[in-house]
Each structure stands twice: as structure tokens, then as C-alpha cells.
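>>> Have a look at this fold, sequence not included:
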């Protein structure tokens, strides 16, 4: 049994050979004679060099269109509608007759008022002659002073009655004119709420129709008061420049996403801020010769705020957020080491962020390889767009390192 166990024990020569081979391989690796696992080098990152740009800053606001002028057509006298003299949905001119009310009653009233005035005028003429004669007779005591005084009083009363009758004639004439209901403004008229034969009353609550002037039109949009304060602060500091030719330009995006072909102008800022929403109204005016814009239509207004001549823009893919919500980015310094920057971002412009603080011209911002870059560690820098062997046209001439 002992001899059988010895036949399976390892040979001392074999054990020594294995130890020798292990030591040999280890020594070769130390001298580089045998290749081991590849050692990792500095991580490669793609950067873009920040340069100041001229940027026109705009604000997009939701809004609604409204007519420049709106007039509700109402009767000013009562009567039966005899005629309707317009086409619903058509254009009308100011002063154009829209409805005709039966004028018979008002014609009779007008004629009666004129007759009453003529009667007073005839009586007044007699009293004037009588007053003149009595004035001479009372001087020679041919008539009493009382008779003369009564005649003068009757004359004055007749003159007052004449003025009353003149007013009655004017009223009757105006009411007769009101039987022809005319358009108060020029514009496009809507549907009629009454038909021929309908009874209408003076100053009734329901309008007969509505006229809207749609060329030009208003666009009312809301903006927060905080944005207005920021805009004024940037202009005061010189970050934004505004000139008379550019500050009032406004463009529209229609409900279907298409741009409106004509530019508008900013009319005014409302002087009151809504305490519930913290917003105020901006009113713009747009030409509308083809009546594309209709009352109540939802639009988006793009208002030009001003021009930033030295704007710092950074692609959004190069900006992340820390646990506190601060915007951060990684840049490569002069020694090709990673540095973390905290940014103050104003707004998004396309696919970039407008940066107020944290970056300066010439900084190299890391856009690709963020997962491998650690603050303080060295990196290998390549221009953005060359990691796949192709250089994007926008960054083809960007150097890998900028000397400051």
C-alpha cells in the first residue's frame, strides 16, 4: 500500500521546473519581454472652444388675436325690419345702410313736428308786430302799460315755444334717419341675428350683427414681470443693445406651426401687472390684408428683445446638473487637465445655452467623454467631431489647445 501511494506523488523535478518557469515569466514581464494586459492611457475627450458670438435674443409668447375695431350693430329706434341690405360675412363700408326699418310712423311724426313749428312761427310774427306798435302807443298813453307788458310776455313765450318745436323737429328728423341702420365702421360683418319682418327695439341688448375691422389686427400676449425686469437690467448693464429699427419687430407662428409672412410691431406694454399670475399684457399690431388672422386665433409671438454682441453659447450636451440643481460643465485647462465650472445660465437658444457666468472666450468645453473625465485628471484632447475620424464643419478649425 505504501509503494502504491508513492507512485502518485509529484516528482520533485517537476515541481522545481514549474517554479523556474513561473519565475522566468515574471521576470520577463518586469523587463517588458512578454506583453501583459495593455495599460490604460489618458482618456480621450472631445472639446469645443468657446468664442463670443453676436446673438439676437428673442422671446416666444403665447397670444390671441383680436380685431382692431369691433362695432355691434343695434337699432336706435323701434320698428319692423323691412330690408336687409348686406351679405353675411362680407365687407361693408362705414355709413353703408345695413337694415331698413319701416319709416312710416317716423315720417308722420316728423311732418307733425314741422307743422307745429310753422304754427308757432306764424303766431310769433303777429306778436312781434304787436309788440312794436304797443311800444310806440304806450309812450303816448294810447295803451296801458299792462297791455304792453302782456304783449311782450306773450312774444317771449312764443319765442320759447319756437325753440321747443325746433328741437322736436330735429328729434323727429333724427329718429327718421335712424330707421336706416348704417355701419358705424368699415370691416367684415358677421351673421345677422334678425330677418326681414322681425320687430326690433331701440337700444336692445342683442346686436343685430357685429362688424370687425381685421386689417390690421391686434395680438395680445402675456409676459411675466420678472422677464421684463431682467430685460431692463441687461439693457442697463450694456449686455443687450437695442436700436429703434430692431426693437419693435415681432414675428408670428400660426396654430399649425407655419410662420406668418408679415412682420408686426410692438404697440405697448400694459401698465398693470396681474397680481394673481404676475404677468402683464403686451399688445402687438400686424397687417392682415388677406384676412389670414381671425379674431380669437391662438398664435405664438416671437419678440426681438435686443442684440448681445458678446454672447457665450455652449452646446447643451456639455452641461449637466449637480445634486443641488446647479448647472456645471467640464473644461480642459492649459495643462490638459479637467476642471469643473459652475455656470449661470440665462436661457436656451436653439440647442445651446446662453451662459452669463462661468465661461470665458477660449475655454475648451468637453462635449464627449464626460464619463471618463474627472476633475484634476489629465486627458487627451481632440476637437469635437473627430473621435470617429470625421471633423464636423462647424469645428474643423478648432485647435485642440488654446494658449492663454
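Thanks, I have it. On a predicted model such as this, the values are computed, not experimentally measured, just so you know.
>>> ranges for the helices of this structure?
Assigned by DSSP state H, the chain shows helices spanning 2-6, 12-30, 104-139, 145-178, 225-237.
>>> Which one of these lies nearest to residue 201?
Comparing those against residue 201 with C-beta to C-beta, the closest turns out to be helix 145-178 (12.3 Å). (Glycine included, C-beta is placed from N, CA and C.)
>>> Report the buried residues of that closest one.
Within helix 145-178, the residues scored as buried using 16 or more other C-beta atoms under 10 Å are 148, 151, 154-155, 158, 161-162, 165, 168-169, 172, 175-176, 178.
>>> Average pLDDT for that helix, rounded please.
Helix 145-178 carries an average pLDDT of 87.
>>> Which secondary structure elements does it sit against?
Judged by 3 or more C-beta pairs under 8 Å, 6 or more residues apart in numbering; DSSP states H and E, the packing partners of helix 145-178 are helix 104-139.
>>> Okay, angle between the helix it packs on and helix 145-178 too, please.
Put simply, helix 104-139 runs at 160 degrees to helix 145-178, going by axes from the mean of the first three to the mean of the last three C-alpha atoms, to 10 degrees.
>>> Does anything pack onto helix 104-139? Which helices or strands?
If contacts are counted by 3+ C-beta pairs under 8 Å, 6+ apart, helix 104-139 sits against helix 145-178.
>>> which residues pair with residue 70 across the strands?
For residue 70, the beta-bridge partners under DSSP bridges are residue 212.
>>> Tell me how many other residues crowd it.
Using other C-beta atoms under 10 Å, residue 70 is surrounded by 13 other residues.
>>> again with residue 72
Applying other C-beta under 10 Å, we find 11 residues neighbouring residue 72.
>>> Reformat the buried residues of helix 145-178 into CSV and put distance to residue 289 next to each item.
CSV is the format used below for the buried residues of helix 145-178 (distance: C-beta to C-beta, whole Å):
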residue, distance to residue 289
148, 74
151, 70
154, 66
155, 64
158, 60
161, 57
162, 54
165, 51
168, 48
169, 46
172, 43
175, 39
176, 38
178, 34
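>>> ok, so of those, who is nearest residue 75?
Closest approach to residue 75 among those (C-beta to C-beta): residue 178, at 7.4 Å.
>>> hang on, the closest one packs against residue 76?
Yes: using C-beta atoms under 8 Å, residue 178 is in contact with residue 76, at 4.4 Å.
>>> circling back: nearest to residue 90, of the helices of the chain?
Of these, nearest to residue 90 by C-beta to C-beta is helix 145-178, at 23.0 Å.
>>> nearest to residue 251, of the buried residues of helix 145-178?
residue 178 (45.1 Å).
>>> got a list of what that closest one touches?
With contacts defined as C-beta atoms under 8 Å, 6 or more residues apart in numbering, residue 178 is in contact with 75, 76, 77, 101, 106.
>>> Adding distance to residue 253, write the helices of the chain out as a markdown table.
Below are these laid out as a markdown table (distance: least, C-beta to C-beta, whole Å):
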| stretch | distance to residue 253 |
| --- | --- |
| helix 2-6 | 94 |
| helix 12-30 | 67 |
| helix 104-139 | 53 |
| helix 145-178 | 45 |
| helix 225-237 | 19 |
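>>> To residue 332, which of these lies closest?
The closest of the helices of the chain to residue 332 is helix 225-237. By C-beta to C-beta, the value is 30.0 Å.
>>> Give me the buried positions along stretch 221-230.
For stretch 221-230, the neighbour count (16+ other C-beta under 10 Å) marks 221, 222, 223 as buried.
>>> swap that for stretch 372-389, please
373, 379, 381, 382, 383, 384, 385, 386.
>>> swap in stretch 83-92?
Of the residues in stretch 83-92, 84, 86, 91, 92 count as buried by neighbour count, 16+ other C-beta under 10 Å.
>>> wait, residue 194 sits on residue 81?
Yes: the criterion here is C-beta under 8 Å, and residue 194 meets it with residue 81 at 5.8 Å.
>>> Can you tell me which of the buried residues of stretch 372-389 is closest to residue 313?
Out of the buried residues of stretch 372-389, the member with the shortest distance to residue 313 (by C-beta to C-beta) is residue 384, at 13.8 Å.
>>> Wait, the closest one touches residue 367, no?
Yes: using C-beta under 8 Å, residue 384 is in contact with residue 367, at 4.9 Å.
>>> Which of residue 194 and residue 81 has more residues huddled nearby?
Taking other C-beta under 10 Å, residue 194 and residue 81 do not tie; residue 81 has more neighbours (20 against 17).
>>> so that one touches residue 201, yeah?
No: contact criterion C-beta under 8 Å: residue 81 and residue 201 do not qualify, at 11.6 Å.
>>> In this protein, where is pLDDT below threshold?
Scanning the chain for pLDDT under 70 picks out 1-40, 231-248, 386-404.
>>> Which segments of it make up each domain?
45-53+310-395, 56-67+215-308, 75-100+184-206, 103-178 (automatic domain parsing).
>>> which of the buried residues of stretch 83-92 sit farthest apart?
Across the buried residues of stretch 83-92, the longest distance by C-beta to C-beta is 15.9 Å; it joins 84 and 91.
>>> one step back: show me the common contact partners of residue 194 and residue 81, please.
99, 200.
>>> coming back round to it: looking at the buried residues of stretch 83-92, which one is closest to residue 44?
residue 91 (68.7 Å).
>>> right, and that closest one touches residue 183 too?
No: between residue 91 and residue 183 there is no contact, the gap being 10.0 Å when judged by C-beta under 8 Å.
>>> Residues that sit against both of those two, list them.
residue 189.
>>> Who are the contact partners of residue 273?
Counted by C-beta under 8 Å, 6+ apart, residue 273 has contacts 225, 279, 280.
>>> Swap in 6 Å and give it another go.
Contact partners of residue 273, counting by C-beta atoms under 6 Å, 6 or more residues apart in numbering, are 225, 280.
>>> Look up phi and psi at it.
Note on residue 273: its backbone torsions stand at phi -100, psi 130 [degrees, to the nearest 10].
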